[in-house]
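# predicted model and sequence follow; I will ask about them next.
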Amino acid sequence: MKIATFNINGVNRRLANLLAWLKETQPDIVCLQELKAEQGAFPHEALARAGYDAVWAGQRSWNGVAILSRIGEPVLTRARLPGDISDRQSRYIEAAVAGVLVASLYAPNGNPQPGPKFDYKLAWLERLRRHATSLRKTGAPVVLAGDFNVAPNDLDIYPTKSWNDDALIHPESRAAFRKLVGRSWTDALRYIHPDERIYTFWHYKRMRWQRDAGLRLDHLLLSANLRDRLEGAGVDREVRGLEGASDHAPVWIGLRRL
């Protein structure tokens, strides 16, 4: 079973790129973030023609998340992250697919910090941690996949000091991510590649793609009962270099079927 996460940065604008990548790599389950599309504007018909069923939570501007599957219709279990009924941002969706509970999430960026956006980021990550604990306690196999907007350590960002004040690598952001992962979740890409400098995001500005000046912001966290099924993980870097590409590349894992 191949599960991928991809911050598409505008699903309709980059639909051709998405469809080409799906055809070439044929992931079984895909978590999308930053749809930038209202609920009724999500291209479900085009994705269905490509062989993928979908559930999604659309929203204008920067948000919106989805789960695609070509191995059975995803059964929606949650379309919002619990813990704050006033939060109307579409940043979390969860579905049962082929015996696995999958969440697609888009954590807040948090800039500028300090300030209310950074406070929201930290509060959101704590809400995610609490919800992840409740999911883990059900005993279900769970994958938390998406753009966490945290580069967990110095291997996850190119050598530089220019981001030192950024919320993506702020010590409190990294501490929140470490607390989330704890001893119960496995950072799949880092588990397979423990010592490699790996990136999933390259900003459009300052030739960062051309200079390979990236950050690893996109992660797949596995519950303990999935770790022994993990067979591989990687980043489809070449997708970032295509014409009209998202500023993120897809990240994928391979799980041995039971």
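Perfect, thanks for sending it.

# Pro112 in helix, strand or coil?
coil (DSSP: H, G, I helix; E, B strand; the rest coil).

# isn't it up against Lys121?
No: taking contacts as Cβ atoms under 8 Å, Pro112 lies outside contact range of Lys121: 11.1 Å. The C-beta positions use only the backbone N, C-alpha and C, and glycine is treated the same way.

# CA atoms only: put stretch 183-191 into CSV for me.
Provided in CSV are the C-alpha atoms of stretch 183-191 (Å, rounded to 0.1, in the frame of the first residue of the first chain):
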residue,chain,number,x,y,z
ARG,A,183,7.3,7.6,21.8
SER,A,184,4.1,6.6,20.2
TRP,A,185,4.4,7.8,16.6
THR,A,186,7.0,7.1,13.9
ASP,A,187,8.2,9.9,11.6
ALA,A,188,8.3,7.5,8.6
LEU,A,189,10.6,9.4,6.3
ARG,A,190,13.2,10.1,9.0
TYR,A,191,12.9,6.4,10.2
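
# tell me who's in contact with Asp166.
If a contact means Cβ atoms under 8 Å, 6 or more residues apart in numbering, then Asp166 has 111, 113 as its contacts.

# that one looks like it's in a strand, true?
No: read with three-state DSSP, Asp166 is coil and lies in no strand.

# for Tyr120, see how far away it is.
From Asp166 over to Tyr120 the distance is 16 Å, taken as Cβ to Cβ, to the nearest Å.

# quick one: the strands in this protein?
Counting by DSSP state E, the chain has strands at residues 2-7, 29-33, 53-57, 65-69, 75-78, 92-97, 100-106, 142-147, 185-187, 218-223, 230-235, 251-255.

# any idea what Ile67 is bridged to?
For Ile67, the beta-bridge partners are Cys31, Val55 (DSSP bridges).

# that one touches Cys31, doesn't it?
Yes: under the criterion of Cβ under 8 Å, Ile67 makes contact with Cys31 at 5.7 Å.

# any shared contact partners between the two?
With Cβ under 8 Å, 6+ apart as the test, Ile67 and Cys31 both reach 102, 104.

# show me what contacts the spatially closest residue to Val251 that is not a sequence neighbour?
Nearest non-adjacent residue to Val251, counting by Cβ to Cβ, 6 or more residues apart in numbering: Asp218, 4.7 Å away. By Cβ under 8 Å, 6+ apart, the residues touching Asp218 are 5-7, 146-148, 200-201, 248-249, 251.

# now those as a markdown table including neighbour count and pLDDT?
Output for these, formatted as a markdown table (neighbours: other Cβ atoms under 10 Å; pLDDT from 0 to 100):
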| residue | neighbour count | pLDDT |
| --- | --- | --- |
| Thr5 | 30 | 99 |
| Phe6 | 33 | 99 |
| Asn7 | 25 | 98 |
| Gly146 | 29 | 98 |
| Asp147 | 27 | 98 |
| Phe148 | 28 | 98 |
| Thr200 | 26 | 98 |
| Phe201 | 24 | 98 |
| His248 | 25 | 98 |
| Ala249 | 25 | 98 |
| Val251 | 27 | 98 |
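
# who does the residue nearest to Val251 form a beta bridge with?
Beta-bridge partners for Asp218, by DSSP bridges, are Asp147.

# what's the answer for Asn7, then?
Taking DSSP bridges as the rule, Asn7 bridges to Gln33.

# now it: how far from Asp147?
Here the distance between Asn7 and Asp147 works out to 4 Å (Cβ to Cβ).

# any common contacting residues for the two?
Taking Cβ under 8 Å, 6+ apart as the contact rule, Asn7 and Asp147 both touch 33-34, 106, 201, 217-218, 248.

# of all these, which two lie farthest apart?
Put simply, by Cβ to Cβ the two of these set farthest apart are Tyr106 and Phe201, 12.6 Å from each other.

# shared neighbours, those two?
Common neighbours of Tyr106 and Phe201 (criterion: Cβ under 8 Å, 6+ apart): 7, 147.

# so which of Pro112 and Lys121 has more stuff around it?
Lys121 (24 against 12; other Cβ atoms under 10 Å).
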